[in-house]
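Student: Build me a structure from this.
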Amino acid sequence: MSDPLDFTGKVVLVTGGARGVGRGISERAICGRNVPEALPSTGGRSAIFEAADVRDAEQVDRLVSAVTERLGRLDVLVNNAGGAPATDAATASPRFHESILRLNLTATLHCAQRANAVMQAQDEGGAIVNIASVSGMRASPGTAAYGAAKAGVLSLTQTLAVEWAPKVRVNAVTAGMIKTELAHLHYGNEEGIAAVAATVPLGRMGEPSDVGDVCLFLASPLSSYVSGANVLMHGGGEKPAFLDAAKNTER
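Tutor: Residues are numbered from 1 along each chain as shown. Next up, the predicted model:
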């Protein structure tokens with residue numbers, strides 16, 4: 001019996017796959033604006049780096065063409081590239097907001113569109129996984145444009161799943177707080193990171209590999225009847241603030 005999680009012979013493109021969450025989910029092909037010092041381990045499978053800025057539609061076209069010309073097909077796209085520095089929505093420039101929306105929403109659509117064109121022509125179709133965020137499902141102070149973009153990704157996922165069925169499945173992974181090499185920029189030093197992790201019901205922040213595991217499921221035959229779905233991967237969410245407030249008043 002074949003292993004449904006065995007991606008041998010499959011071509012998987014992970015945008016922003018050189019570091020952080022992307023490094024944890026990279027399987028076959030990696031793209032990003034900066035060449036990594038070392039390609040991540042892929043369990044003996046070959047990994048190829050293709051430099052591209054996914055905010056540029058022409059570069060996205062060249063990226064997908066390069067993958068298909070070199071490897072002959074495209075089975076899975078993981079739209080992972082994204083992010084945003086913290087800034088005050090009241091003072092950020094229109095140019096800044098537009099840049100964040102272009103990276104986190106428009107680029108996701110462009111990459112999905114180009115991948116779909118390839119997958120629709122393949123007998124086996126393909127799967128697209130969009131990486132969303134809890135910031136798109138709740139208030140996102142300090143990253144307003146990012147949260148709005150990620151909310152858009154969830155809507156986009158549902159629509160594309162309908163438009164591109166039955167050949168292409170489209171799903172989303174809504175990630176919570178993930179501990180990457182850049183976690184200190186958002187959560188402070190190790191003490192701060194530990195304090196934040198303690199607010200998660202499961203008692204820890206997620207690891208990039210946790211996101212990768214969910215992506216593998218959504219890209220595999222195990223999820224052959226899953227499309228238009230949003231998988232919440234946040235360790236149980238965030239404990240409601242009123243619980244601690246209530247405990248303090250009881251004292």
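Student: and M177, what does it touch?
Tutor: By C-beta atoms under 8 Å, 6 or more residues apart in numbering, M177 lies in contact with V134, Y187, V196, A197, V200, M205, G206, H234, G235. The way it works is simple: take the backbone N, C-alpha and C, and place the C-beta from them, glycine included.
Student: How many residues are close by the closest residue to Q122 other than its chain neighbours?
Tutor: Spatial nearest neighbour of Q122, excluding adjacent residues (C-beta to C-beta, 6 or more residues apart in numbering): R73 at 6.1 Å. By the criterion of other C-beta atoms under 10 Å, R73 has 15 neighbours.
Student: do the same with R114
Tutor: Using other C-beta under 10 Å, R114 has 22 neighbouring residues.
Student: Assign a three-state SS to it, would you?
Tutor: helix (DSSP: H, G, I helix; E, B strand; the rest coil).
Student: and the gap between the closest residue to it other than its chain neighbours and A90?
Tutor: Residue nearest to R114 in three dimensions, not counting chain neighbours: V64, with 4.2 Å by C-beta to C-beta, 6+ apart. Per C-beta to C-beta, to the nearest Å, V64 is found 38 Å from A90.
Student: between the two, who's got more neighbours?
Tutor: Neighbours were counted for V64 and for A90 using other C-beta under 10 Å; V64 has more, 24 against 6.
Student: ok, now which ones touch that one?
Tutor: V64 touches L13, L74, C111, R114, A115, A117, V118, counting by C-beta under 8 Å, 6+ apart.
Student: go again using 7 Å as the cut-off
Tutor: V64 sits next to L74, R114, A115, V118 when contact means C-beta atoms under 7 Å, 6 or more residues apart in numbering.
Student: And those, which two are furthest apart?
Tutor: Pairwise distances across these (C-beta to C-beta) peak at 9.0 Å, for the pair L74 and R114.
Student: need the contact list for M205.
Tutor: Applying C-beta under 7 Å, 6+ apart to M205 gives the contacts M177, I178, K179, I193, V196, A197.
Student: which residues of the protein fall in helices?
Tutor: Using DSSP state H, the helices found in the chain span residues 20-25, 57-71, 94-101, 107-120, 144-163, 183-187, 190-197, 208-219, 241-250.
Student: Would you indicate which residues of the fourth one are buried?
Tutor: Within helix 107-120, the residues that count as buried by 16 or more other C-beta atoms under 10 Å are A107, T108, L109, H110, C111, A112, Q113, R114, A115, N116, V118, M119.
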